[in-house]
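Novice: Requesting a structural model of the entry that follows:
(4 chains)
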2 protein chains.
Amino acid sequence: MTIRLQISEKLRHRIESGDLQALAAIPSERELAQQLGVSRMTVRGAIDDLVNEGLLIRRQGRKTVVSDEKISRGAGFTSFSEEMRMRGWQPRSEVRQATTMQADVAIAAQLGIHTGARVILIERVRFADDEPLAFERVYLPHTRFQAILALDLANASLYDLLEREFGTRPVYAEESVEAVLMSSTEAHIFGLEPGTPALLTRRVTRDEQDTLIEAATTLYRGDRYRMVLARHR
Amino acid sequence: MTIRLQISEKLRHRIESGDLQALAAIPSERELAQQLGVSRMTVRGAIDDLVNEGLLIRRQGRKTVVSDEKISRGAGFTSFSEEMRMRGWQPRSEVRQATTMQADVAIAAQLGIHTGARVILIERVRFADDEPLAFERVYLPHTRFQAILALDLANASLYDLLEREFGTRPVYAEESVEAVLMSSTEAHIFGLEPGTPALLTRRVTRDEQDTLIEAATTLYRGDRYRMVLARHR
DNA sequence: CAGTGGTCTAGACCACTGA
DNA sequence: CAGTGGTCTAGACCACTGA
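Specialist: Predicted structure coming up:
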């Protein structure tokens, strides 16, 4: 845990707890550095992180201020569970399958392993406020994450589990998004008619060491779900 | 122009020109600092920027290396024209409408102007390699961008025009993406059947002063187009 | 082991803001 | 004008990699 992270977490906590209200000024960088007994550059680093998250607004010559905008996290990384909570919906899952299998050519290529190598497949129907919203299929390398099959996958965010149980944090993903029509099998999951439009996302996720940890596809029903993104620069 | 920017541009140029090939190592931070007569922290900053862009890969203990991945710009900001060129397709447009109208409640809310205020509407069919790929509807505030109606909209990127002719640069957008079925009017544009799946994006764009400059919807045919995103953290 | 990137320090001078 | 954030310096020690 770096000093920079400690400071940004401390500030984040003060903001999220309401100690620092929206548009309130935080202490100046020099003040914080002196109070905390660290160098100003270190304080700046911590503040950089919060500015990038959209929690703080910085302008030259003025004091740095707590942002009053809601969330612009769309661009970043959220698990299904997190995203639903941010939208004010209650997330829940139903596990349809959690098993070990052999990687076919496509999965192997995505995960950067050999064809035929063992992978974990987790299929879940994701609910928001008790309505089925998405069908998710996740592949994980077996060697590293084997133990996950013993855990409770219904009531947890997969990313939380990866972090808590395996100490790995997803930090980068490449994702594609396309519009498709549901097959009858897919439609059945949601209690809809075949031919209902759906968003199909394919995602490959990496951890801090840039190691591939997950390949996933998610099918969101088009009549209830809209993806939200923030794009910069 | 900061030293940091000068250094990152210099490195970016060496990479894009092929002077530094994929997976080739760049000089160490200490070497660069000495060569350029600057401090190592400044060099690190420049490298940070390129790492964030995905051009360089950095790992503790090893040399920093040029990335071999194609493009991961998806997360950022690209005009339709840019995006198509990056994918190796030739972009082209057909202007269906370019006119002035009064903002209805929805448009006014999106652009942050009064209902009934004048707005510019530009409707274009966007082609890739002579195949119609998307149908785009863009609203601009009339007061600021009136002169755009006199320009050639068929052969230009709108963002290029905004930058060249009005000195305004789109830097932030909020976008939503959903799956829909084409109406018969929409399908007709693409020569497809009604009910073909499509990606519908809605976007609101701001410039460096955080001023709203554009509200746009784009309908991409689902059978040919897949959106690509890079998500961080 | 030498060399690398990761983090941090204690300063400096600058441009900008608002009183 | 004092105070702020923006940039930069010239070091230091650390953890990690690969020979």
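Novice: Can you name the residues of chain A sitting close to DNA strand D?
Specialist: Taking C-beta under 7 Å from any atom of the strand as the criterion, chain A approaches DNA strand D at residues A:26, A:28-31, A:40-41, A:44, A:58-64. Glycine gets a C-beta too; all of them are placed from N, C-alpha and C.
Novice: nearest to chain B, of these?
Specialist: Chain B has its nearest neighbour among the residues of chain A next to DNA strand D in A:Met41, at 8.0 Å by C-beta to the nearest C-beta.
Novice: For the least confident helix or strand in chain A by mean pLDDT, buried residues please.
Specialist: In chain A, no helix or strand scores lower on mean pLDDT, DSSP states H and E than strand A:227-232, which sits at a mean of 82. Going by neighbour count (16 or more other C-beta atoms under 10 Å in any protein chain shown), the buried part of strand A:227-232 is A:227-231.
Novice: what's the host helix or strand of A:Ala198 packed up against?
Specialist: Here A:Ala198 sits within strand A:197-207, counting by DSSP states H and E. The contact analysis (3 or more C-beta pairs under 8 Å, 6 or more residues apart in numbering or on different chains; DSSP states H and E) places strand A:197-207 against strand A:170-181, strand A:212-221, strand B:172-181, strand B:197-206.
Novice: Would you format these as JSON lines with mean pLDDT and mean neighbour count included?
Specialist: Formatted as JSON lines, these follow (pLDDT from 0 to 100; neighbours: other C-beta atoms under 10 Å in any protein chain shown):
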{"stretch": "strand A:170-181", "mean pLDDT": "88", "mean neighbour count": "20"}
{"stretch": "strand A:212-221", "mean pLDDT": "93", "mean neighbour count": "21"}
{"stretch": "strand B:172-181", "mean pLDDT": "90", "mean neighbour count": "20"}
{"stretch": "strand B:197-206", "mean pLDDT": "92", "mean neighbour count": "22"}
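Novice: so which of those strands gets nearest DNA strand C?
Specialist: Evaluated over these, closeness to DNA strand C peaks at strand A:170-181, with 12.7 Å, by C-beta to the nearest atom of the strand.
Novice: now check that closest one, is it near DNA strand C?
Specialist: No - Strand A:170-181 lies out of reach of DNA strand C by C-beta under 7 Å from any atom of the strand, never closer than 12.7 Å.
Novice: wait, does the helix or strand that that strand is followed by contact chain B?
Specialist: Next along the chain after strand A:170-181, taking DSSP H and E as the criterion, comes helix A:184-190. No - using C-beta under 8 Å from any C-beta of the partner chain, we find that helix A:184-190 stays clear of chain B, coming within 12.4 Å at best.
Novice: So A:Arg164 belongs to a strand, correct?
Specialist: No - secondary structure of A:Arg164 (DSSP: H, G, I helix; E, B strand; the rest coil): helix, not part of a strand.
Novice: In contact with A:Ala179, which residues?
Specialist: By C-beta atoms under 8 Å, 6 or more residues apart in numbering or on different chains, the contact list for A:Ala179 reads A:197-200, A:222, B:179-180, B:197-199, B:220, B:222.
Novice: Show me the two of these that sit farthest apart.
Specialist: A:Ala198 and B:Tyr220 (14.9 Å; C-beta to C-beta).
Novice: how close does the residue nearest the centre of chain A get to chain B?
Specialist: Centroid-nearest residue in chain A: A:Thr78, 2.2 Å away (criterion: C-alpha atoms, centre = their mean). Computed as C-beta to the nearest C-beta, to the nearest Å, the A:Thr78 to chain B distance reads 9 Å.
Novice: if I read this right, that residue contacts A:Arg85, doesn't it?
Specialist: No - when contacts are counted by C-beta atoms under 8 Å, A:Thr78 is not listed as touching A:Arg85 (9.1 Å).
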